[in-house]
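Undergrad: The amino acid sequence is not available; the structure is as follows:
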């Protein structure tokens with residue numbers, strides 16, 4: 001794609017919150033858009049049988065994001081509005097309580113004057129995409145690589161930062177030799193505000209508008225709790241696994257994250273202490289043939 005074509009695909013930095021430009025979009029229709037119905041993590045492999053490559057080369061994109069596959073539970077919409085001080089003029093609730101990659105979920109971004117609640121797909125659609133149904137996974141983005149990755153660098157450069165409201169999120173633990181899901185809540189009982197980026201994708205063929213977002217992750221090799229999550233890579237040493245964690249944004253830091261400079265945002269790329277997490281396994285470990 002030429003630089004001119006890329007420029008032509010740019011959308012305003014503060015677009016509207018509609019899920020589509022069509023005036024006849026009915027509530028619930030978003031669940032049928034581009035295969036975005038909620039799926040389990042085991043279903044998040046590339047969904048295209050075609051051997052064609054994505055629009056732009058991402059040699060590690062699918063493998064890396066699949067390894068970070070997770071899910072989260074959203075708070076009640078009224079609780080989101082109260083906790084993050086959002087007005088009540090918000091879109092219909094088009095999401096279920098548990099959000100999976102490529103499903104629909106709410107996110108909070110800065111509007112022209114106040115914060116706004118938006119509904120979009122949890123898998124960011126980059127501006128250069130020819131179709132909203134991507135053959136590779138974009139529900140997670142490494143915070144350390146935002147400026148380099150073609151899929152995310154425009155959203156990062158333009159300050160398109162937002163927050164995912166989450167009552168809890170789940171991560172897989174493989175310490176037993178098999179996958180055991182753990183649920184993470186805040187120890188203080190408040191909801192999580194997780195750092196992410198958003199984009200508004202516009203179809204070049206139909207003019208359809210689709211909101212989407214990606215959850216940011218940070219290296220957690222040194223974190224005493226989060227480094228226990230996810231399947232270890234036997235080809236890497238214990239201290240260099242590149243275990244990942246979500247990035248919580250404290251309520252007092254929301255304006256800095258949404259409206260601050262890039263340096264302001266990067267200053268928030270930290271992980272809270274293990275004591276800030278209320279983490280429990282959702283099931284007892286299963287005996288594995290790997291043990």
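TA: Alright, I've got the coordinates. In this text, all values refer to a predicted model and were calculated from it rather than measured experimentally. Numbering: from 1, shown residues only.
Undergrad: so where is the chain shaky, pLDDT-wise?
TA: 1-69, 285-291 (pLDDT under 70).
Undergrad: can we see that at 90?
TA: Scanning the chain for pLDDT under 90 picks out the ranges 1-70, 76-78, 87-97, 111-114, 176-177, 237-240, 283-291.
Undergrad: Which residue ranges of it form strands?
TA: With DSSP state E, the ranges of strands along the chain come out as 71-73, 98-99, 104-110, 115-122, 140-142, 161-166, 168-173, 180-186, 192-202, 209-219, 244-246, 277-281.
Undergrad: a markdown table please, covering the ones you listed and showing mean neighbour count and distance to residue 233.
TA: Every residue, glycine included, has its C-beta placed from N, CA and C. Shown next, in a markdown table, are the strands of the chain (neighbours: other Cβ atoms under 10 Å; distance: least, Cβ to Cβ, whole Å):
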| stretch | mean neighbour count | distance to residue 233 |
| --- | --- | --- |
| strand 71-73 | 21 | 22 |
| strand 98-99 | 19 | 27 |
| strand 104-110 | 24 | 29 |
| strand 115-122 | 23 | 25 |
| strand 140-142 | 23 | 15 |
| strand 161-166 | 26 | 26 |
| strand 168-173 | 19 | 14 |
| strand 180-186 | 18 | 18 |
| strand 192-202 | 23 | 24 |
| strand 209-219 | 24 | 13 |
| strand 244-246 | 25 | 12 |
| strand 277-281 | 15 | 22 |
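Undergrad: between the ones you listed, which one is nearest to residue 231?
TA: strand 168-173 (7.0 Å; Cβ to Cβ).
Undergrad: related to what we said a few turns ago, what's the closest of the strands of the chain to residue 237?
TA: strand 209-219 (14.2 Å).
Undergrad: That closest one packs against which elements?
TA: Packing partners of strand 209-219 (3 or more Cβ pairs under 8 Å, 6 or more residues apart in numbering; DSSP states H and E): strand 115-122, strand 140-142, strand 161-166, strand 192-202, strand 244-246.
Undergrad: Quick check: which of the ones you listed is nearest to residue 90?
TA: Closest to residue 90 of the helices and strands packed on strand 209-219, according to Cβ to Cβ: strand 115-122, at 4.3 Å.
Undergrad: and the angle from the closest one to strand 192-202?
TA: Interaxial angle, strand 115-122 versus strand 192-202 (axes from the mean of the first three to the mean of the last three Cα atoms, to 10 degrees): 70 degrees.
Undergrad: how far does stretch 201-219 stretch from start to finish?
TA: End-to-end span of stretch 201-219 (Cα to Cα, to the nearest Å): 28 Å.
Undergrad: And it, how far out from the chain middle?
TA: 11 Å (Cα atoms, centre = their mean, to the nearest Å).
Undergrad: same thing with stretch 259-278?
TA: Stretch 259-278 sits 16 Å away from the centroid of its parent chain (Cα atoms, centre = their mean).
Undergrad: With stretch 227-247 instead?
TA: Relative to its chain's centre, stretch 227-247 lies at 19 Å (Cα atoms, centre = their mean).
Undergrad: Ends of it, what's the gap?
TA: Stretch 227-247 end-to-end distance (Cα to Cα) = 14 Å.
Undergrad: Just to check, residue 118 is in contact with residue 91?
TA: Yes - assessed by Cβ atoms under 8 Å, residue 118 is found in contact with residue 91 at 7.0 Å.
Undergrad: State the distance from residue 271 to residue 143.
TA: Plainly put, residue 271 is 11 Å away from residue 143 if you go by Cβ to Cβ, to the nearest Å.
Undergrad: Residues that sit against both of these two, list them.
TA: Listed as contacting both residue 271 and residue 143 by Cβ atoms under 8 Å, 6 or more residues apart in numbering are 218, 247.
Undergrad: okay if I get the helices and strands packed on strand 209-219 as JSON lines plus distance to residue 252?
TA: Compiled in JSON lines, the helices and strands packed on strand 209-219 are given as follows (distance: least, Cβ to Cβ, whole Å):
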{"stretch": "strand 115-122", "distance to residue 252": "15"}
{"stretch": "strand 140-142", "distance to residue 252": "24"}
{"stretch": "strand 161-166", "distance to residue 252": "13"}
{"stretch": "strand 192-202", "distance to residue 252": "11"}
{"stretch": "strand 244-246", "distance to residue 252": "18"}
